[in-house]
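1. the following comprises the amino acid sequence and a computationally predicted model.
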Amino acid sequence: MTPPSRPAVAARRSEEPRIVFGSAGIGVDDVVALAHGLAVPALSADPQWRARIQSGRDVLARALAEGRTVYGVSTGVGASVDTDIPSRFQSDLPHNLFRMHGCGTGAALDRAETAAVVAARLASLCRGYSAVRLQVLEHLAALLAAGVLPRIPEEGSVGASGDLTPLSYVAALLAGEGEAVVGGALVGAPQALAAAGLEPLVLEPKESLALMNGTSVMAGIGALALSRADRIARAACAVTAMVSAATGGNREHFDERILGLKPHAGTLAAGGWIRSMFGKGDAEPALRVQDRYSIRCAPHVIGVLADAVTLTKSVLDIEIGGVNDNPVVDADGDCVLHGGNFYGGHVVFALDALKGAMAGVADLLDRQLVLLCLPETSGGLPANLVGRSGEAAVAHHGFKAMQITASALAAEALKTSLPAAVFSRSTESHNQDKVSMGTIAAREARRLAELGETVVAIVLLGACQAVDLRLEEGGRIPEPLMRLHEAVRERVPALAGDRRQDRDIAEVLELLRADALPLPPSSYLRAPAAPGHAPSA
């Protein structure tokens, strides 16, 4: 296929929504849209905002000219704060700082995560308290718009003096060092900058520190994990409704009159999502007065995740829209303030909560699959949902192994949900003697999302198999659930006999991650349409 011409690409990009970076800040929804290429960044044209950016540089210059001490400019960094940096060496410090921190390890962040990081860093710097030049902001916005993104190793941050090591790779790219991904290929920084029509920057005093000393990695990764957690909550409600319908469950468990008597917002939302999948038709007679807890208490379990989504969004909106580096340059007060806004304590608290709630939902769905596989709890469906009839059925095993896989994934999810915050440790010569571990929590939240999505896919396949078996008996399934069933069956046939099902799982995962399943709509996030999913590379 012939690639589109530059004018055609430019025209298409100009039609996409613009997210304006300026003094007002942006939030989670904006970062997610930018990360998935569903919007383009633009710097504010407001002359007052642009003047404020320059004012920060002016305040910094005056402070240095007057001999005032400015951390990371006239002093060393971290525990080396008592080391004076003479003016003739101050221009060396910005480049040495990102070079020193070029010691990240592990896999690189994927394209969407890296874009989210750059967007979050740009948002903080655009508040006008970091004393960076407008040119630095223009370069960041241009890289984000062009999809020219630094290669950022994911390991190496303790999440307290900001995400120093991973963010150092952003600073390095601006300066023409390191590597970047251009069109899916890893290239050197000079070639990458040229692809975006940029020249390397000579970073001036404080600029690399401002680029590195913030919470943008944990916030960017966390924002993407949050959007996935929201989808998991809604998918879990749809699966719960299908399992209930296929097993002759009692819909009374989801009655708003019951849930309203203990009105946690998340529980009410989850109950509404479940009820929406039953439609408005009459219910089949329930086979029992009370279902097992994994069905009866589903609004309360999934509701915790829904409330965790709300909490995490509120925290990340503040974190992304806030000023999170040090020192802070206050142009209004003509002063440089030294503090600890780089600390990721709120982020780790919220993401640890999100992790635990996602793990709880994965465990809930795993228990529901057990109910489907046992005739005594499924309303008499064949053991393990075996789809083969007749004498040959004894040689088939249905969802027996799928249940094992779901159990393994749920167990890993529960293990990974251990709070990262409790592993704070002293580092960097006891300067960073209390750290947040927020970036580790963000990476674990991403892993929890992967595990949760896969459990959703497996149990949804089991629920669809149960629907097929129930329909063969002449049962009725509500129309919204049939639409979900049909969306799965367009890609994955019913399990008539034993076959490998890893490909079935992958097909449903693709549908789920592309928002191609008819799930209840989000109450919390302005979710992008069909963002797709790219695993870490």
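-> Noted; the coordinates are in hand.
2. what sits against the residue lying closest to residue 24 once chain neighbours are set aside?
-> Leaving out its chain neighbours, the residue that sits closest to residue 24 by CB to CB, 6 or more residues apart in numbering is residue 321, at 7.9 Å. Placement of C-beta: from N, CA and C, glycine included. By CB atoms under 8 Å, 6 or more residues apart in numbering, the contact set of residue 321 is 24-27, 123, 127.
3. distance of residue 321 from residue 101?
-> 25 Å (CB to CB, to the nearest Å).
4. regarding the protein, what is its longest helix?
-> Secondary structure assigned by DSSP state H gives helix 438-472 as the longest helix of the chain.
5. buried stuff in that helix?
-> 438-470 (16 or more other CB atoms under 10 Å).
6. what about stretch 309-325, distance to the chain center?
-> How far stretch 309-325 lies from its chain's middle: 13 Å, per CA atoms, centre = their mean, to the nearest Å.
7. pull out the buried positions in it.
-> 309-313, 315-317, 319-325.
8. nearest to residue 483 among those?
-> residue 309 (24.4 Å; CB to CB).
9. can you verify residue 187 is assigned to a strand?
-> Yes - according to DSSP: H, G, I helix; E, B strand; the rest coil, the state of residue 187 is that of a strand.
10. quick one: it and residue 179 touch, right?
-> Yes - Residue 187 lies in contact with residue 179 (CB atoms under 8 Å); the separation is 6.7 Å.
11. count the neighbours of residue 285 for me.
-> Other residues lying near residue 285 total 7 when counted by other CB atoms under 10 Å.
12. my bad, should have said residue 276
-> Neighbours of residue 276 under the rule other CB under 10 Å: 17.
13. mind listing what it touches?
-> Counting by CB under 8 Å, 6+ apart, residue 276 touches 480, 520.
14. tell me how far it lies from residue 250.
-> 18 Å.
15. which of the three states applies to the nearest residue to residue 200 once chain neighbours are set aside?
-> What sits nearest to residue 200 in space, not counting adjacent residues and going by CB to CB, 6+ apart, is residue 176, at 2.8 Å. Secondary structure assignment for residue 176 (three-state DSSP): coil.
16. all helices of the stretch 351-500 of the chain, in order?
-> 375-378, 400-416, 438-472, 479-489 (DSSP state H, counting those that start in this stretch).
17. contacts only, for residue 448.
-> 225, 229, 354-355, 358-359, 362, 413, 416-417.
18. hmm, 7 Å instead?
-> Residue 448 sits next to 355, 358-359, 413, 416-417 when contact means CB atoms under 7 Å, 6 or more residues apart in numbering.
19. let me have those residues in JSON lines, extended by neighbour count and pLDDT.
-> Output for those, formatted as JSON lines (neighbours: other CB atoms under 10 Å; pLDDT from 0 to 100):
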{"residue": "355", "neighbour count": "30", "pLDDT": "98"}
{"residue": "358", "neighbour count": "33", "pLDDT": "98"}
{"residue": "359", "neighbour count": "24", "pLDDT": "98"}
{"residue": "413", "neighbour count": "26", "pLDDT": "98"}
{"residue": "416", "neighbour count": "20", "pLDDT": "98"}
{"residue": "417", "neighbour count": "24", "pLDDT": "98"}
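20. which stretches of the protein aren't confidently modelled?
-> Applying pLDDT under 70 to the chain flags the ranges 1-15, 526-537.
21. mind listing the strands for it?
-> Using DSSP state E, the strands of the chain run over 18-21, 40-43, 105-108, 149-150, 153-155, 179-182, 185-188, 328-330, 335-337.
22. tell me the strands beside the fifth one, with direction?
-> Read it as strand 153-155. Paired strands of strand 153-155, with direction, are strand 105-108 (antiparallel) (DSSP bridges).
23. skipping its backbone neighbours, what lies nearest residue 335 in space?
-> Distances taken as CB to CB, 6+ apart put residue 59 closest to residue 335, at 7.3 Å, once the chain neighbours are dropped.
24. tell me how far the one you found lies from residue 337.
-> The spacing between residue 59 and residue 337, counted by CB to CB, is 11 Å.
25. burial of residue 202, as a residue count?
-> 12.
26. ok, now which ones touch it?
-> By CB under 7 Å, 6+ apart, residue 202 lies in contact with nothing.
27. then residue 375?
-> For residue 375, the contacting residues are 381, 383, by CB under 7 Å, 6+ apart.
28. 10 Å instead, please
-> Neighbouring residues of residue 375 by CB atoms under 10 Å, 6 or more residues apart in numbering: 381-384.
29. ok, residue 400 next?
-> So residue 400 contacts 373, 383-386, 498 (CB under 10 Å, 6+ apart).
30. same check on residue 113?
-> Residues near residue 113 by CB under 10 Å, 6+ apart: 35, 149, 152, 154, 217, 220-221, 223-225, 442-443, 446, 534, 536.
31. try it again at 8 Å.
-> Residue 113 touches 35, 220-221, 224, 446, 536, counting by CB under 8 Å, 6+ apart.
32. ok, residue 211 to residue 483 distance?
-> 48 Å.
33. those two: which has the busier surroundings?
-> residue 211 (32 against 13).
34. wait, that one sits on residue 172?
-> No - Residue 211 is beyond contact range of residue 172, at 9.5 Å (criterion: CB under 8 Å).
35. shared neighbours of those two, anything?
-> Counting by CB under 8 Å, 6+ apart, the contacts common to residue 211 and residue 172 are residue 98.
36. picking that back up, of the contacts of residue 321, closest to residue 262?
-> Closest to residue 262, out of all of these and judged by CB to CB, is residue 27, at 30.2 Å.
37. got phi/psi on the closest one?
-> Here the main-chain torsion angles of residue 27 (degrees, to the nearest 10) amount to phi -140, psi -170.
38. try residue 420
-> phi -70, psi -30.
39. circling back: adding distance to residue 425, write the contacts of residue 375 out as JSON lines.
-> Shown next, in JSON lines, are the contacts of residue 375 (distance: CB to CB, whole Å):
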{"residue": "381", "distance to residue 425": "51"}
{"residue": "382", "distance to residue 425": "53"}
{"residue": "383", "distance to residue 425": "50"}
{"residue": "384", "distance to residue 425": "47"}
